[in-house]
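Colleague: here you go, sequence then predicted model.
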Amino acid sequence: MFTATLTTDPAAPALNPALAEALRNAWGGGALQWLAPDEAAEFALPQVPDNFRAVWTDLQGQRVDLNIQPTEGRRKRMLLADMDSTMIRQECIDELAEEAGVGAQVKQITARAMNGELDFDGALTERVALLKGLAETVIARVLETRIQLMPGGPQLLATMKADGAYCALVSGGFTAFTSAIAAQLGFDENRANVLHADGGVLTGTVALPILGREAKVQALEEITARLGLTEDQVMAVGDGANDLGMLGRAGAGVALHAKPVVAAECALRVNFGDLTSLLYLQGYSADDFITPG
C-alpha cells in the first residue's frame, strides 16, 4: 500500500479541495484525509500510478507538491538534516564572504558546488582561503544579523523529538554555525567542518578531513548503528549535491527546495512547502504539531 501526499506553501496555501478530490477519484484512491485545510492532504493508493510524474509536473505549475511513498514505516525514528539552505535560509560561507568583501566570488563557487559541478572538497578549500584575515567575531555577527531559520524547522524538530525521534545536523559548513543552530532548534548532535583561526583571525584553512558527501553517509551509518536503528527508519533532508549520498541511503530522502540535478535523483521532493512538509509526509496533521515556546 502507498500514500499520496499533497502539500503546498503554508504562507500561501494553494491546495484546492476540488483538485485534491479530483486526483483521488482519477487514481481510485482511498478516502481523502486533510492534514491541514487547503495546505496538506493524503490518500491511500494500491500502487504508484503510471502517470505519477506527469501529474506531478502539472501540479508543480499550481504550486502544489505531490509525493508518493510506501505507507508502512513512513513515520521515522531519526532525522538527518543538512543545515545551509535547509534548516536555515542562507549559505553561511556566502554570508561570511559578504563580510569579507568577496561575496560575489564565493557565491558563484558555492552555487556550482551545490549543483554538483565542482568537487566539494576543492570548492570548500578555495572558498575558505578567501576568508583569510576575517575576524572570528564576524561569525557571531553573521549569526545574529544574517541567518534566518527555514520556516517549519522548530515544529519539525519539536514534533519528531516528542515522538521519540533522534535528530542530527550534518553540514558541509562550519561547527561555529551548526553548534548554534543545533542548540536553537534542539538537535541531539551536530557535525560540520572546523574553521582554523589564530589570534582571533581566520587563517583561511579548514581542519582535515573535510566533511562532505561521504562524511554525511558515514554519519548516517554511525548514528543508526549506535542507536540500533535501520537506515529505513531515517528521514534525511537536504538541497545540494553533497547531500545525495545520505538522501539516497535514508528510508525517506527529501530534496527540499533543491537544485534541479539533486531533485532529479530523489523520489521525495518538496519545492513549495516548508519544513512542516516533512511532518505531513510522515502522516502528522497540523493538530499534531508542537511549536516550541
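Modeller: That came in fine, so what should we check first? Model, not experiment: these values are computed from the prediction.
Colleague: from here on, contacts and neighbour counts on C-alpha atoms
Modeller: OK.
Colleague: go ahead and measure how far the helix or strand bottoming out on mean pLDDT in the chain is from the middle of the chain.
Modeller: Here the helix or strand of the chain ranked lowest by mean pLDDT, DSSP states H and E is helix 103-114, holding a mean of 90. In terms of Cα atoms, centre = their mean, to the nearest Å, the centre of helix 103-114 is found 19 Å from the chain centre.
Colleague: switch to numbering from 689
Modeller: All set: I'll call the first residue 689, so the last point we hit is now helix 791-802.
Colleague: contacts for that helix, please.
Modeller: 781-786, 806-808, 811, 815, 818, 927-930, 947 (Cα atoms under 8 Å, 6 or more residues apart in numbering).
Colleague: ok, now with 10 Å
Modeller: 779, 781-786, 803-812, 814-816, 818-819, 927-931, 946-947, 949-950 (Cα atoms under 10 Å, 6 or more residues apart in numbering).
Colleague: now list the buried members of those.
Modeller: Taking 16 or more other Cα atoms under 10 Å as the criterion, what is buried in these is 779, 781-786, 803-804, 806, 808-809, 811-812, 815-816, 818-819, 927-931, 946-947, 949-950.
Colleague: show me where the stretch 839-981 of the chain has its strands.
Modeller: For the stretch 839-981 of the chain, applying DSSP state E, counting those that start in this stretch gives strands covering 854-862, 877-881, 883-886, 889-894, 922-926, 940-944, 956-958.
Colleague: using a markdown table, lay out the ones you listed together with mean neighbour count.
Modeller: Formatted as a markdown table, those follow (neighbours: other Cα atoms under 10 Å):
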| stretch | mean neighbour count |
| --- | --- |
| strand 854-862 | 24 |
| strand 877-881 | 21 |
| strand 883-886 | 15 |
| strand 889-894 | 19 |
| strand 922-926 | 28 |
| strand 940-944 | 28 |
| strand 956-958 | 23 |
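Colleague: residue 901: which of those is closest?
Modeller: Among these, strand 854-862 comes nearest to residue 901, with 8.0 Å by Cα to Cα.
Colleague: then that closest one to CSV, C-alphas only?
Modeller: C-alpha atoms of strand 854-862 as CSV (Å, rounded to 0.1, in the frame of the first residue of the first chain):
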residue,chain,number,x,y,z
TYR,A,854,16.7,11.4,17.3
CYS,A,855,17.8,14.4,15.3
ALA,A,856,21.2,15.0,13.9
LEU,A,857,22.5,18.1,12.0
VAL,A,858,25.2,17.3,9.4
SER,A,859,26.7,20.1,7.4
GLY,A,860,29.4,20.8,4.9
GLY,A,861,29.6,24.2,6.6
PHE,A,862,31.2,25.0,9.9
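Colleague: relative to it, what are the paired strands and their orientations?
Modeller: strand 766-769 (parallel), strand 877-881 (parallel) (DSSP bridges).
Colleague: hang on, the earlier thing: can I get the next helix or strand after the least confident helix or strand of the chain in PDB? Just the C-alpha atoms.
Modeller: Counting by DSSP states H and E, the next helix or strand C-terminal to helix 791-802 is helix 808-817. Provided in PDB are the C-alpha atoms of helix 808-817 (Å, rounded to 0.1, in the frame of the first residue of the first chain):
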ATOM      1  CA  PHE A 808      33.100  19.700  -2.900                       C
ATOM      2  CA  ASP A 809      36.400  19.500  -1.000                       C
ATOM      3  CA  GLY A 810      38.300  21.600  -3.500                       C
ATOM      4  CA  ALA A 811      35.500  24.200  -3.700                       C
ATOM      5  CA  LEU A 812      35.300  24.500   0.100                       C
ATOM      6  CA  THR A 813      39.100  24.900   0.400                       C
ATOM      7  CA  GLU A 814      39.100  27.600  -2.300                       C
ATOM      8  CA  ARG A 815      36.300  29.500  -0.600                       C
ATOM      9  CA  VAL A 816      37.700  29.300   2.900                       C
ATOM     10  CA  ALA A 817      41.000  30.600   1.600                       C
END
